[in-house]
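Trainee: Everything below, folded, please.
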Amino acid sequence: MSAKIKTIAQARRFVQKVKVCTVFPSEKVEHTSLWENVDLPDKQEGESGWGEKMHAVWTWKTRLPAEYPEDIYYGKIKGGFAVLMDMEYMTEMHFPRAYKPVRSLNRLAQSINELVEEQPWDTTSLRRAVMEDIACSKSQFDTALKNLQITLNIVRLNDPRAEQDTWVPFRELYLDVWRRHVDDA
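Mentor: Sure, this is the predicted structure:
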């Protein structure tokens, strides 16, 4: 399947049609990617910056769930791949399969989750605080943060004005989904 996506509105319709797409391609997943279906010019030799295609894909991954929160979800799937997902599909199919209680994760992930439960954190500040308090490596932190996303315990705040990824509890952004599927809500 090859779409000819040139606008964010077309990208929204594409995600709703395919239900799940990665942001960038990988042979390790069965899903198509937004990158593969955007029909904008790549960076040209001598051009500064990212180029039109990379700029579009990179900004749309944030703008789509922020501008269309009832339609589009951004998160991570098993393997740590960033995806855009049709919200109905996420609610009906993905959440029941992917959700794991935070208590089933390792202690580092639980500690990160506790901090995010208290207040929103941007990645850099959260990493710094956790690495100082728990003395973990950057790699250990990144893996725990990714696992919290994959298991639908935390999610990126849908705010296009945020300069960095900012993390909040999943239930804070998607309370209806949470209540529908999690007993202790």
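Trainee: So for stretch 14-30, what gets flagged as buried?
Mentor: Buried residues in stretch 14-30, defined by neighbour count with 16 or more other C-beta atoms under 10 Å: F14, V15, Q16, V18, K19, V20, C21, T22, V23, P25, V29. From N, CA and C alone the C-beta is placed, and that goes for glycine too.
Trainee: ok, so of the residues you listed, who is nearest R97?
Mentor: The closest of those to R97 turns out to be V20 (C-beta to C-beta; 11.7 Å).
Trainee: Spit out the contact partners of the closest one.
Mentor: Going by C-beta atoms under 8 Å, 6 or more residues apart in numbering, V20 touches H31, I77, V83, L84, M85, D86, Y89, H94.
Trainee: hey, which helix is longest across the chain?
Mentor: Under DSSP state H, the helix in the chain containing the largest number of residues is helix 52-67.
Trainee: going on from it, what's the next piece of helix or strand?
Mentor: Proceeding N to C from helix 52-67, the next assigned helix or strand is strand 72-77, under DSSP states H and E.
Trainee: Which stretches in the chain count as strands?
Mentor: Here the chain has its strands, by DSSP state E, at 20-22, 72-77, 81-86, 121-122, 154-156, 166-169.
Trainee: ok so, going back, against which helices or strands is the longest helix of the chain packed?
Mentor: helix 8-18, helix 34-37, strand 72-77, strand 81-86 (3 or more C-beta pairs under 8 Å, 6 or more residues apart in numbering; DSSP states H and E).
Trainee: That helix to strand 81-86, inter-axis angle?
Mentor: Angle between the axes of helix 52-67 and strand 81-86 is 60 degrees (criterion: axes from the mean of the first three to the mean of the last three C-alpha atoms, to 10 degrees).
Trainee: what's the neighbour count on L145?
Mentor: By other C-beta atoms under 10 Å, the residues close to L145 number 25.
Trainee: same question, R179
Mentor: Residues near R179, counting by other C-beta under 10 Å: 11.
Trainee: on that earlier part again, wait, which of the helices and strands packed on helix 52-67 is closest to Y174?
Mentor: Per C-beta to C-beta, nearest to Y174 of the helices and strands packed on helix 52-67: strand 72-77, 7.9 Å.
Trainee: sorry, back to before: what angle separates the longest helix of the chain from strand 72-77?
Mentor: Using the same axes, to 10 degrees: helix 52-67 against strand 72-77 is 110 degrees.
Trainee: tell me which residues of helix 52-67 are tucked away?
Mentor: For helix 52-67, a neighbour-count test (16+ other C-beta under 10 Å) marks E52, K53, M54, A56, V57, W60, K61, T62, R63, L64, P65, A66 as buried.
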